[in-house]
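Novice: structure of the sequence below:
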Amino acid sequence: MTQIALFPGQGSQALGMGRSFYLDFSYVQELFELASDTLKIDFSQLCFFSQEAELTKTENTQPALFLVCYAGFKVLEKELGFVPGAGAGHSLGEYSALACAEAINLVDALKLVRKRGELMAEAGNKAQVGMMAVLGWEADEVKKVCEQAKGSEFLVPANFNAPGQIVISGDNSALARAEEIFKQKKTRVIRLKVSGAFHSPLMKKASQGLREFLEQINFKPFKFPIVSNLEAKPYPDASAIKEILVKQMVSPVRWQESVIYLSEMKPEFFIEIGPGKVLAGLVKRIVPQAVVYNFSESKDLKELEKVLKNE
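Specialist: This next block holds a predicted model:
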């Protein structure tokens, strides 16, 4: 039976994430030490004992969340022999998926997500931009409001997360105009606590920086298929990774379509690996009959062991 691994993106990070993995498994401590040596960041301090404000800086969030998700996957792999039939990650989570599928080695992946975080932070710090979730509307209607509100600025759908949950991204003044339109129509909107207009054309300069950095990295064949945010279908092969990751930065995350694609593989269940339950909630909205488990702490192993052994 097919099982699907899912990896969360920014917003799922939380102080204390990964601590039980770190305390219970010496090889996770070794992963944290390798990451700390590679990026000159004390990841046990950052993930377990820092301040929320420090962890939520995108240049810190991205490598920290990536590391915890990768460590969680390694625990499942080593303790339960878990090998998924396919995987996917939301935005940053796609990098976790690629590393777990062994398409990129851990050291290169750590450097890459740190660089991605720095480029995205730089793009956000220089501009009055942001993101906003729109609840209860379908994609076509949201696109129309973006067109109506953008004026001479940028405003685009950035995440197609689930039915009735779309995130838009752009200049703050355009977002304010869209917010007014949505509120007049009694629509609930939520401004996101992010420092940039991610997955929009406003990330073009950052994507060019990412392209240059990606030239240094060699990608390898996938151990299992990864469905990309950009195309909502599996990467064709390792040679496509660089171009898809560059485009991912300026393009919407097609999460709803990705989950539908994965559900058509008739999986036994999905496992969200890493902190939080954001993706599990989205999967249930997209495919209500789906079976979804979370693996965020060592104590979750007992339930998953029974599931994986069909007890």
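
Novice: so who does the residue nearest to residue 162 when sequence neighbours are not counted touch?
Specialist: Excluding its sequence neighbours, the residue lying closest to residue 162 (C-beta to C-beta, 6 or more residues apart in numbering) is residue 285, at 4.1 Å. For every residue, glycine as well, the C-beta is placed using N, CA and C. By C-beta atoms under 8 Å, 6 or more residues apart in numbering, the contact list for residue 285 reads 162, 163, 164, 165.

Novice: just the pLDDT for the closest residue to the third one other than its chain neighbours.
Specialist: Spelled out, it's residue 164. In space, and not counting its chain neighbours, residue 164 is closest to residue 136: 4.8 Å by C-beta to C-beta, 6+ apart. Residue 136 carries a pLDDT score of 96 in this model.

Novice: how far away is residue 136 from residue 185?
Specialist: 10 Å (C-beta to C-beta, to the nearest Å).

Novice: so between those two, which is more surrounded?
Specialist: The neighbour comparison of residue 136 against residue 185 (other C-beta atoms under 10 Å) goes to residue 136, with 15 against 11.

Novice: now the more buried one: phi and psi?
Specialist: phi 90, psi 0 (degrees, to the nearest 10).

Novice: what distance do you get for it to residue 285?
Specialist: Taking C-beta to C-beta, one finds residue 136 at 12 Å from residue 285.

Novice: who touches both of those two?
Specialist: Common neighbours of residue 136 and residue 285 (C-beta under 8 Å, 6+ apart) are residue 164.

Novice: doesn't residue 87 lie inside a strand?
Specialist: Yes - assessed by DSSP: H, G, I helix; E, B strand; the rest coil, residue 87 belongs to a strand.

Novice: list the contacts of it.
Specialist: 4, 5, 6, 7, 97, 100, 101, 224, 225, 226, 227.

Novice: where in the stretch 51-200 of the chain is pLDDT low?
Specialist: 126 (pLDDT under 70).

Novice: which parts of it are strands?
Specialist: 86-89, 129-135, 155-162, 165-171, 188-191 (DSSP state E, counting those that start in this stretch).

Novice: okay, those, which one's buried deepest?
Specialist: Scoring the strands of the stretch 51-200 of the chain by mean neighbour count under mean count of other C-beta atoms under 10 Å gives strand 86-89 as the most buried, with a mean of 27.

Novice: partners of it, with directions?
Specialist: Next to strand 86-89 in the sheet, as set by DSSP bridges, lie strand 3-7 (parallel), strand 226-227 (parallel).

Novice: one step back: any chance of the strands of the stretch 51-200 of the chain in CSV, with distance to residue 235 too?
Specialist: Output for the strands of the stretch 51-200 of the chain, formatted as CSV (distance: least, C-beta to C-beta, whole Å):
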stretch, distance to residue 235
strand 86-89, 11
strand 129-135, 26
strand 155-162, 19
strand 165-171, 23
strand 188-191, 32
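
Novice: which stretch among the ones you listed comes nearest residue 56?
Specialist: Across the strands of the stretch 51-200 of the chain, residue 56 has its closest neighbour in strand 129-135 (14.0 Å, C-beta to C-beta).

Novice: now the angle between strand 165-171 and the closest one, please.
Specialist: 160 degrees (axes from the mean of the first three to the mean of the last three C-alpha atoms, to 10 degrees).

Novice: pull the residues that contact strand 129-135.
Specialist: 142, 145, 158, 164-172, 175, 178-179, 182, 187-192, 194, 196-198, 202.

Novice: off-centre distance for that strand?
Specialist: Relative to the centre of its chain, strand 129-135 is centred 17 Å away, using C-alpha atoms, centre = their mean, to the nearest Å.
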